[in-house]
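Visitor: return atomic coordinates for the entry below.
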Amino acid sequence: MFFGSVVQGAIGFALGMIAVPLLVEAGFSLSQAVALTTLAIGIQVLFGAWQLRAHIPWGDIKLAAALRYLTLPIGVLLLLSVESLAAEDMKRLVGLGVLLGALLRGFARSGTVRDLPAAVSIATFCLSGLLQGLVAMGGPPLVLWMTTRAFSARQARAFTMTLFLLNAPVQVALLLFLSRTMSADVLLLALALAPVIYLGTTIGVRVGDRFSKPLLNKAALGVLLLIALNAII
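Guide: As a prediction, this is how the structure comes out:
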């Protein structure tokens, strides 16, 4: 959680992509890893979203949040259906999720600002909700979509933070009530880790200020690829 917080503080993404596979590797069930990571990111971005509330692009938020509400439960149900897999198969599944997320993030370069077809936006938000519910990695599709928008840096951060905060309570509640491996202890653990998450984020922000974003993005993607390949192989 500390390592993921450092990376997310530095480049603005990747806590879930780092924490979930490492937690599964450490012996947590997929439900526990996803819930723990979801609540941890919620703690991390809560104050950030409040500070950026004046920059929230509500017009885009409404459609994205609604579609994620529809598909996030499907992702959670898929998670529960695969949770009975053998430990090695579970690790490979999570590794594939990280690999997909890293590849999507790698394609997210600055592009021409344009109005995407409605079907593309709908598919992007649905995929984001599905991946968020399944492996807590709903960010990469959103990042890819935002490369075609005229968002300022603050609007982009406010967009992703607000979407996460709107959906996180639903995801945690579904896991808490539907998963056989979930318990309130896991949620209490996330709260107990709040100081660790805060410290990691603070360090990450300072690291991010000292190095260029392209260099940090390449380093983070390299780490994610190593984690994914380790889980898959």
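
Visitor: centre of the chain versus the host helix or strand of Ile227, how much separation?
Guide: Using DSSP states H and E, Ile227 sits within helix 213-232. Helix 213-232 has its C-alpha centroid displaced from the chain centroid by 15 Å (C-alpha atoms, centre = their mean, to the nearest Å).

Visitor: so Leu46 touches Ala168, yeah?
Guide: No - at 9.4 Å, Leu46 does not count as touching Ala168 under the criterion of C-beta atoms under 8 Å. To be clear about C-beta, it is placed using only N, CA and C from the backbone, and glycine gets the same treatment.

Visitor: okay, the two: which has more neighbours?
Guide: Applying other C-beta atoms under 10 Å to Leu46 and Ala168 shows that Ala168 carries more neighbours, namely 21 against 14.

Visitor: who's in contact with the more buried one?
Guide: 38-39, 41-42 (C-beta atoms under 8 Å, 6 or more residues apart in numbering).

Visitor: out of those, what pair is the most spread apart?
Guide: Leu39 and Ile41 (7.5 Å; C-beta to C-beta).

Visitor: picking that back up, who touches the helix holding Ile227?
Guide: By C-beta under 8 Å, 6+ apart, helix 213-232 touches 7, 10-11, 13-14, 17-18, 21-22, 24-25, 91-92, 94-96, 98-99, 101-102, 105-106, 207-208.

Visitor: low-confidence stretches in this protein?
Guide: By pLDDT under 70, the low-scoring segments of the chain are 12, 86-87, 105-115, 213, 216-217.

Visitor: report the secondary structure state of the residue nearest in space to the middle of it.
Guide: Centroid check for the chain by C-alpha atoms, centre = their mean gives Met137 as the closest residue, at 3.9 Å. Classification of Met137 by DSSP: H, G, I helix; E, B strand; the rest coil places it in coil.

Visitor: any idea how far Gly129 is from it?
Guide: According to C-beta to C-beta, to the nearest Å, Met137 and Gly129 sit 11 Å apart.

Visitor: quick one: contacts for Leu163?
Guide: Applying C-beta under 8 Å, 6+ apart, we find Leu163 in contact with 61, 64-65, 68, 128, 142.

Visitor: what is the burial count for Ile233?
Guide: Neighbour number of Ile233 under other C-beta under 10 Å is 8.

Visitor: ugh, wrong one, Leu225
Guide: By other C-beta under 10 Å, 15 other residues sit near Leu225.
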